[in-house]
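1. okay, sequence plus prediction incoming.
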Amino acid sequence: MSGHDHDHHHAHDHSELSETELRVRALETLLTEKGYVDPAALDVLIETYETKIGPKNGARVVAKAWSDPAYRDRLLTDATAAIAEFGFTGRQGEHMVAVENTPDSHNMVVCTLCSCYPWTVLGLPPVWYKSAPYRSRTVRDPGSVLAEFGVTLPAGTDIRVWDSTAEVRYLIIPMRPAGTEDWSEDQLAELVSRDSMIGTALATRPEDLSNDLEPTQ
Amino acid sequence: MNGAQDLGGQMGFGPIELEPNEPNFHGKWEERAFAITLAMGATGSWNLDASRSARESLPPAEYLSSSYYEIWTKGLEKLCLGADLISQEELANGHMKNPAKPVKRVLSAADVAATLAKGGPVNRPETRAASYKIGDPIRTKVMHPEGHTRLPRYARGCVGVIEAIHGVHVFPDNNAAGTGEDPQWLYGVVFNGPDIWGPDGDPKLTLRLDLWEPYLDRL
């Protein structure tokens, strides 16, 4: 798995399409001429994942779990149904399981065999999640992976790595930061980054929120 | 298959490359590669397991030197050729020459939202009892099928414990081959780090994999 952009380095200027760009264009043209794909549907698919389905969905789920103990119980018991309460259902979220970080144990999600990822709550996976370094090392040496993300866990913390080998998709519920007891769900959601729901980050501490995101208390 | 996709535990890939504020797509071609892959999946000409199998059967050197959407594109080309939806000549020219072969459905713009929201659940009726219960110790099989499987190499021949019972799910090894869904009980299995990686394995690490009954033997 190489990086995402090496083809562009072969192009001499922006008007010259890379081999890969031409290959994709030719395939799309052919499939369209055959009537197998509708170009308007392609545009809607792209727009959906650019604007509607992304980690803000998951952040709302986590914030509600932090705020509402009954919802947290439903999420831990039947995550698919609890997440569907928000209307987040379907592709790559058909069989959801939520797991909770605690002071004693930290959870991380990987797919060593491909790129399985909970699309309904996190959107499309970042390149690093699909990359060979992450997929190869997370199952064997997750501590070194966390270090590269700048995460240090207290000594003695158990690390639970979930390798997404089937169609079950995992959502990590990070620990709620201290000092947020009075925060609303909307405020709390700002603390829930994509990476914290994969397990390669902790929830953002209130003091680390950038100023323009600081909730008014 | 023991292809390049089976990356768990391999060494030497170096640091993880992080990209702050990474976009979903790096360039238009990634958008189009993504969308045609989903739209062609919606035609019902193959299943998700077959598409994974097509991607992972790329030669290892090619798999490892391709970006993810390049792998998707190459996989899609193989699937379209294999289903006789397109010919090699058409693919080379980028234009239709032969009449289209009928497909089960064509995804319309109006149907995208409903299709995504419905997804493709893979749980099936429980027509027989599960062989294992929570807490049962198991050993994963030693197996090296040339076809598709979801038992990673690093977790073969290892001792673990049943921690969850997910129900009966489509069995990828058969479904990818087009020989039917062959639904099987699916379990969440927990392994201790040293039971997978040996005495040097991190004792604070536990691994959890979702594994179908045919991958398991009773201890």
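-> Looks like it came in fine.
2. for B:Ala50, which residues are in contact?
-> B:Ala50 makes contact with B:Leu79, B:His148, B:Asn175, B:Ala176, B:Ala177, B:Gly178, according to Cβ atoms under 8 Å, 6 or more residues apart in numbering or on different chains. In short, each C-beta sits where N, CA and C put it, glycine included.
3. B:His166 - that's part of a strand, no?
-> Yes. Counting by DSSP: H, G, I helix; E, B strand; the rest coil, B:His166 falls inside a strand.
4. for it, which non-adjacent residue is spatially closest?
-> B:Leu186 (4.3 Å; Cβ to Cβ, 6 or more residues apart in numbering or on different chains).
5. C-terminal to the host helix or strand of that neighbour, what's the next element?
-> Taking DSSP states H and E as the definition, one finds B:Leu186 inside strand B:184-192. Counting by DSSP H and E, the next helix or strand C-terminal to strand B:184-192 is helix B:193-197.
6. got the buried residues for that following helix?
-> By 16 or more other Cβ atoms under 10 Å in any protein chain shown, the buried positions in helix B:193-197 come out as B:Gly193, B:Asp195, B:Ile196, B:Trp197.
7. and chain A, which of those reach it?
-> B:Ile196, B:Trp197 (Cβ under 8 Å from any Cβ of the partner chain).
8. out of the buried residues of helix B:193-197, which comes closest to chain A?
-> Comparing the buried residues of helix B:193-197 against chain A with Cβ to the nearest Cβ places B:Trp197 closest, at 5.8 Å.
9. what's the burial count for B:His169?
-> 22 (other Cβ atoms under 10 Å in any protein chain shown).
10. equivalent analysis for B:Val168, please.
-> For B:Val168, the count of nearby residues is 21 (other Cβ under 10 Å).
11. make sure it is actually in contact with B:Gln184.
-> Yes. Contact criterion Cβ atoms under 8 Å: B:Val168 and B:Gln184 qualify, at 6.6 Å.
12. tell me which residues are up against the helix ranked longest in chain A.
-> Assignment by DSSP state H gives helix A:19-33 as the longest helix of chain A. Helix A:19-33 has contacts (Cβ under 8 Å, 6+ apart) with A:7, A:10, A:17, A:37-39, A:42, B:27-29, B:32-33, B:36, B:39-40, B:67, B:69-70, B:73, B:76-77, B:80, B:85-86, B:90-91, B:93-96.
13. in PyMOL, select just the buried ones from those.
-> Buried residues within the contacts of helix A:19-33, by 16+ other Cβ under 10 Å, are selected in PyMOL with:
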select buried, (chain A and resi 7+37+38+39+42) or (chain B and resi 27+29+32+33+36+39+40+67+69+70+73+76+77+80+85+86+90+91+96)
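14. what segments of chain A are strands?
-> A:95-100, A:105-110, A:158-163, A:168-173 (DSSP state E).
15. adding mean neighbour count and distance to A:Glu28, write those out as JSON lines.
-> Converted to JSON lines, the strands of chain A look like this (neighbours: other Cβ atoms under 10 Å in any protein chain shown; distance: least, Cβ to Cβ, whole Å):
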{"stretch": "strand A:95-100", "mean neighbour count": "21", "distance to A:Glu28": "31"}
{"stretch": "strand A:105-110", "mean neighbour count": "23", "distance to A:Glu28": "31"}
{"stretch": "strand A:158-163", "mean neighbour count": "22", "distance to A:Glu28": "33"}
{"stretch": "strand A:168-173", "mean neighbour count": "25", "distance to A:Glu28": "28"}
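16. how about TSV for those, with distance to A:Glu47 added?
-> Output for the strands of chain A, formatted as TSV (distance: least, Cβ to Cβ, whole Å):
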stretch	distance to A:Glu47
strand A:95-100	24
strand A:105-110	27
strand A:158-163	31
strand A:168-173	23
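17. can I get those in JSON lines including mean pLDDT?
-> Compiled in JSON lines, the strands of chain A are given as follows (pLDDT from 0 to 100):
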{"stretch": "strand A:95-100", "mean pLDDT": "98"}
{"stretch": "strand A:105-110", "mean pLDDT": "98"}
{"stretch": "strand A:158-163", "mean pLDDT": "98"}
{"stretch": "strand A:168-173", "mean pLDDT": "98"}
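18. and the ones you listed: which comes nearest B:His144?
-> B:His144 lies closest to strand A:158-163 among those, at 18.6 Å (Cβ to Cβ).
19. neighbouring strands - and their directions - for the closest one?
-> strand A:105-110 (parallel), strand B:205-212 (parallel) (DSSP bridges).
20. among those strands, which comes closest to B:Ala155?
-> strand B:205-212 (5.7 Å).
21. the closest one - what's its average pLDDT?
-> Across strand B:205-212, the average pLDDT comes to 98.
22. angle of that strand against strand A:168-173?
-> In terms of direction (axes from the mean of the first three to the mean of the last three Cα atoms, to 10 degrees), strand B:205-212 departs from strand A:168-173 by 150 degrees.
23. next, the buried residues of the helix or strand that strand B:205-212 is followed by.
-> Per DSSP H and E, the first helix or strand lying C-terminal to strand B:205-212 is strand B:216-218. Under the neighbour-count criterion of 16+ other Cβ under 10 Å, strand B:216-218 has B:Leu216 buried.
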